[in-house]
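K.L.:
got a predicted model here, sequence first, then my questions.
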Amino acid sequence: MQKLIASVLAAASLWAGAALADPPKGYPFVDFDAGLKAAKSSGKPIFMYFGRYGCAWCDHTNKTTFSDAGLKQLYSENYVLVYVDAESGRRLTLPTGERITEAELGVRLQAFATPLFVYLTPQGDKIFQAPGFKTVKDFQDYDRYVRGGHYKQKTLLEFLGEKS
Amino acid sequence: MRAAILLLAAVTGPAHAGWSWSEPLTVNTAPGVNIFPHLESANRQGIAVSGGTVGVVWEDNRSGAPQCYLAVKPAKAKGFQREIRLGKQECYEPVVLALDGGRFLAAWEEAGRVYAQVWPQGRRLQLAGTGAAQVTLARGGGALYAAWAEQAGRFRRIVVATLTETRGALAVQSAQPVEAAEPVDEQGWPALAVAGDGTLAVAWEDRRHRHTVPMVSHRRDGGFTPPVRLTDIKSGSAPGGLGAGTGAMRPTLARWGERGLVAVWLDKRDFLSGYDVYAAFDPGTRSFGRNLKVQDSFGDNMAQWHALVVSDGTRLVALWDDARDGTPDVWLSAWDGEAFGDDVAVPGAHGPGAQSDPVATLDAKGTLHVAWLDRDAAGVTRVRYARAVRQ
């Protein structure tokens, strides 16, 4: 199914009053600096949505996955939600104190596709990142992996393998 | 088959053919852990050569906050002189342009304003007020230009200024937005070039089509021509109204040939392999043609970053960094008149550690000067420099 969608998206052609690929509506996304500050204060992990303006797969994920009310509640309540624009010159401050642009964060993450979803500890250390379209179940599994602390003992693949 | 080709490439090492390189020099005097130099700027204009003197500008946080610096290496000096600080407050994205007689014009963003200053012995001049950033410079046809992104309502738009310089004293002769109307979405990262016939061109990244598209305009009859896109693919949603188009960003621009221009930018039309380096030429018709992929096939399945083009009119080189050999390295490709040649690793900017963020220029003799960031295993980043002649 994903291959089919990929083929369709790759064949994108006509301008059709496109919806934008911004953060999904109704979620309390904030910028990187505000999110890092909020995470340190609250102790919540960070869920970072690295999206691109006009990105079809981001749009698809927003409409298909983030529209789920349960997912919205799960992530809004348990994560500090950060949105980063993959091509923006807006600046952010890394936990090291380094000031870079949002686009440069893509270089550091070795991002090759959007959307890219990155889970971070409340201190801003990366737990793991997952590129591309994800389902509600994917995000539920990632949540269990992160908030259950399983990432401290096993890789995401090991964790997911045990669950299947 | 592809694995076999990659293995062969790994065994034989990177190609350096055709270029003779100097030993790299360290430019910055204060490298250290948690000091982060950056070579980022509009049109990636971090190095210039004037009368044999090399000038390099960058930003780092040695003082506790981002500040801009300029270091110069006189023609006969073995190394760079100690850098001078350009800004007074938090400073970002400095650029440098060669004037005559070993002099330079530097410009930068400082606390949301844009400044410029002649080195040596110039006084700084504020080019733009609150909400301005991403300044770049150009010189040609007997004129001096600056461009930047400036707040106009909700978004930034591109403004181009003509400057005058008399014995180090700068003045803004005129400044006008490329488009009179307020922008309908964000514009930024301008690049300027003056063609051999004196035509001024400005390219920038633009979101009016609801995704990021490099646009270009030319100055004509005291104004600017309506912007057109550099990319030869149209904006458009995927079925279902998803998205608005693939992304392309950070255009760079240089003169080419007697009347022509060349642009190079990062382009994500192949959305599964990160940004690729693309180029387009304007042969002098004031219309950019078919887009060309710059990097060779060994770089196809790899994200390219920090791309730029440099040209002296007769020689043309594109540079960028990518991690095809495992860690980020600086690569270049020279235009042979019909196509971009095989990718060549910059020897001092290849190997263990991360070498990235190239800036470059071609001097009057055709020597290529390159500066880049070199981050070692201990996390210490140096600004490095080398020059090369093509054999």
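P.N.:
Right, received. Where do you want to start?

K.L.:
what sits up against stretch B:153-162?
P.N.:
If you take CB atoms under 8 Å, 6 or more residues apart in numbering or on different chains as the criterion, stretch B:153-162 is touched by B:127-128, B:131-133, B:143-150, B:172-179, B:182-188, B:190, B:192, B:200, B:202, B:204, B:219, B:224. (C-beta placed from N, C-alpha, C; glycine too.)

K.L.:
cool, stretch A:32-50 as well?
P.N.:
Around stretch A:32-50, the neighbours that count as contacts under CB under 8 Å, 6+ apart are A:23, A:29-30, A:75, A:78-84, A:86, A:92-93, A:95, A:102, A:105-106, A:109, A:111, A:114-124, A:127, A:146-147.

K.L.:
ok, 6 Å please
P.N.:
Outside stretch A:32-50, the residues that touch it by CB atoms under 6 Å, 6 or more residues apart in numbering or on different chains are A:75, A:79-84, A:86, A:92-93, A:116, A:118, A:120, A:122, A:124, A:146.

K.L.:
and whichever residue of the stretch 101-250 of chain B sits closest to chain A, what helix or strand is that in?
P.N.:
Of all residues in the stretch 101-250 of chain B, B:His211 sits closest to chain A, at 2.5 Å by CB to the nearest CB. Assignment of secondary structure by DSSP states H and E places B:His211 within no helix or strand.

K.L.:
tell me the contacts of it?
P.N.:
So B:His211 contacts A:Tyr53, A:Gly54, B:Ala244, B:Gly245, B:Gly247 (CB under 6 Å, 6+ apart).

K.L.:
could you dump the residues you listed into a markdown table with neighbour count and distance to B:Trp331 added?
P.N.:
A markdown table is the format used below for the contacts of B:His211 (neighbours: other CB atoms under 10 Å in any protein chain shown; distance: CB to CB, whole Å):
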| residue | neighbour count | distance to B:Trp331 |
| --- | --- | --- |
| A:Tyr53 | 24 | 27 |
| A:Gly54 | 29 | 28 |
| B:Ala244 | 29 | 31 |
| B:Gly245 | 27 | 27 |
| B:Gly247 | 26 | 21 |
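
K.L.:
among the contacts of stretch A:32-50, which ones are buried?
P.N.:
A:75, A:79-84, A:86, A:92, A:116, A:118, A:120, A:122, A:124, A:146 (16 or more other CB atoms under 10 Å in any protein chain shown).

K.L.:
which of the contacts of B:His211 sits closest to B:Gln45?
P.N.:
Nearest to B:Gln45 among the contacts of B:His211 is B:Gly247, at 22.4 Å by CB to CB.

K.L.:
and the closest residue to chain B within chain A, what helix or strand is that in?
P.N.:
Of all residues in chain A, A:Gly54 sits closest to chain B, at 2.5 Å by CB to the nearest CB. Per DSSP H and E, A:Gly54 falls between elements, in no helix or strand.

K.L.:
measure the closest residue to it other than its chain neighbours to B:Thr225 for me?
P.N.:
Spatially, and ignoring its direct neighbours in sequence, A:Gly54 is nearest to B:His211 (2.5 Å; CB to CB, 6 or more residues apart in numbering or on different chains). According to CB to CB, to the nearest Å, B:His211 and B:Thr225 sit 23 Å apart.

K.L.:
please apply the same query to B:Thr246.
P.N.:
In terms of CB to CB, B:Thr246 sits 25 Å off from B:Thr225.

K.L.:
ok so, going back, now intersect the contacts of stretch B:153-162 with the strands, please.
P.N.:
B:127-128, B:132-133, B:143-150, B:172-177, B:187-188, B:190, B:192, B:200, B:202, B:204, B:219, B:224 (DSSP state E).

K.L.:
the residues you listed: which ones sit near chain A?
P.N.:
B:Gly188 (CB under 6 Å from any CB of the partner chain).

K.L.:
taking the ones in strands among the contacts of stretch B:153-162, please make a ChimeraX selection of just the buried ones.
P.N.:
With 16+ other CB under 10 Å as the criterion, this ChimeraX line picks the buried residues out of the ones in strands among the contacts of stretch B:153-162:
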select /B:127,128,132,133,144,145,146,147,148,149,150,175,177,187,188,190,192,200,202,204,219,224
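
K.L.:
who's more crowded, B:Thr246 and B:Thr225?
P.N.:
Neighbour count, other CB atoms under 10 Å in any protein chain shown: between B:Thr246 and B:Thr225, B:Thr246 has more, with 24 against 14.

K.L.:
which residues in chain B form helices?
P.N.:
Taking DSSP state H as the criterion, chain B carries its helices at B:2-12.

K.L.:
okay, the spatially most distant residue from the centre of it: pLDDT?
P.N.:
Centroid-distance maximum for chain B: B:Gly240 at 37.1 Å, with CA atoms, centre = their mean. Per-residue confidence (pLDDT) for B:Gly240: 88.

K.L.:
then the one 3 residues further on?
P.N.:
According to the per-residue confidence, B:Gly243 scores 91 in pLDDT.

K.L.:
in the stretch 1-150 of chain B, which residue sits closest to chain A?
P.N.:
B:Phe36 (4.2 Å).

K.L.:
may I have the predicted confidence score for that residue?
P.N.:
Predicted confidence (pLDDT) for B:Phe36: 98.

K.L.:
wait, it touches A:Gly97, no?
P.N.:
No: contact criterion CB atoms under 6 Å: B:Phe36 and A:Gly97 do not qualify, at 7.8 Å.

K.L.:
list the contacts for the residue of the stretch 1-150 of chain B closest to chain A?
P.N.:
Neighbour list for B:Phe36: A:Glu98, B:Asn61 [criterion: CB under 6 Å, 6+ apart].

K.L.:
let's go with 8 Å and repeat that
P.N.:
Counting by CB under 8 Å, 6+ apart, B:Phe36 touches A:Thr96, A:Gly97, A:Glu98, A:Arg99, B:Asp60, B:Asn61, B:Thr381.
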